[in-house]
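Q: Pasted the sequence and its predicted model underneath.
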Amino acid sequence: MRTGLLALALVVLLGGGAAFFVLSGGLPRPARTRETVYLLALADLSVNLADQDHPHYLMASLSLAIAGERPEERVPEQDAQIRDAVLMVMTRHAYHQLLSAEGKGKLKDELAAAVTKVLSEEKLRVKEVLFTSFIMN
């Protein structure tokens, strides 16, 4: 009889604990820090492309989605360094490389890496590069 009461008490305790666990939402989730994304528009960049046989140029405008803690406070101070990094990456490419979608995608990846390097001291990174205009000749 005593064993039956102990078993019943154990079932009630386990059932109550399981109900509490389910109703309370399970295990507590670790606190997530909210990551701010800052959109920096770089307008009207004009560069000579790396073609040797025939001069070509690229005129582009782009926006950078920059993530991290308080990027809106830190990014404007780095504007000149960001524009310089973007221009240096763009001038390494030739006209024929940028004609395809793959070429433009590679350029976006290189731009994101170069600007992230500029912003690394501030613990910021480029999440996405968005072309708002892209004209070559």
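A: Happy to help now that I have it. Numbers count the residues shown, from 1 in each chain.
Q: and stretch 49-56, how far from the chain's centre?
A: 32 Å (C-alpha atoms, centre = their mean, to the nearest Å).
Q: Next: stretch 86-102.
A: That offset, for stretch 86-102, works out to 21 Å (C-alpha atoms, centre = their mean).
Q: immediately after the helix or strand bottoming out on mean pLDDT in the chain, which helix or strand?
A: Ranking every helix and strand in the chain by mean pLDDT, DSSP states H and E puts helix 2-23 at the bottom, with a mean of 54. Per DSSP states H and E, the first helix or strand lying C-terminal to helix 2-23 is strand 36-48.
Q: Sheet partners, orientation included, of the next helix or strand after that next one?
A: Helices and strands here follow DSSP H and E; after strand 36-48, the next one along the chain is strand 57-68. Sheet pairing of strand 57-68 (DSSP bridges) gives strand 36-48 (antiparallel), strand 125-136 (antiparallel).
Q: May I see these arranged in a markdown table, with mean neighbour count, mean pLDDT and distance to Asp109 as well?
A: Every residue, glycine included, has its C-beta placed from N, CA and C. Shown next, in a markdown table, are these (neighbours: other C-beta atoms under 10 Å; pLDDT from 0 to 100; distance: least, C-beta to C-beta, whole Å):
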| stretch | mean neighbour count | mean pLDDT | distance to Asp109 |
| --- | --- | --- | --- |
| strand 36-48 | 14 | 93 | 17 |
| strand 125-136 | 14 | 97 | 8 |
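Q: Just list the residues touching the nearest residue to Glu128 once chain neighbours are set aside, thanks.
A: Spatial nearest neighbour of Glu128, excluding adjacent residues (C-beta to C-beta, 6 or more residues apart in numbering): Ala65 at 4.2 Å. Taking C-beta atoms under 8 Å, 6 or more residues apart in numbering, we find Ala65 in contact with 37-39, 126-130.
Q: what's the spacing between Ala65 and Asp79?
A: Note on Ala65: its distance to Asp79, by C-beta to C-beta, to the nearest Å, is 16 Å.
Q: likewise Ser46?
A: From Ser46 over to Asp79 the distance is 17 Å, taken as C-beta to C-beta.
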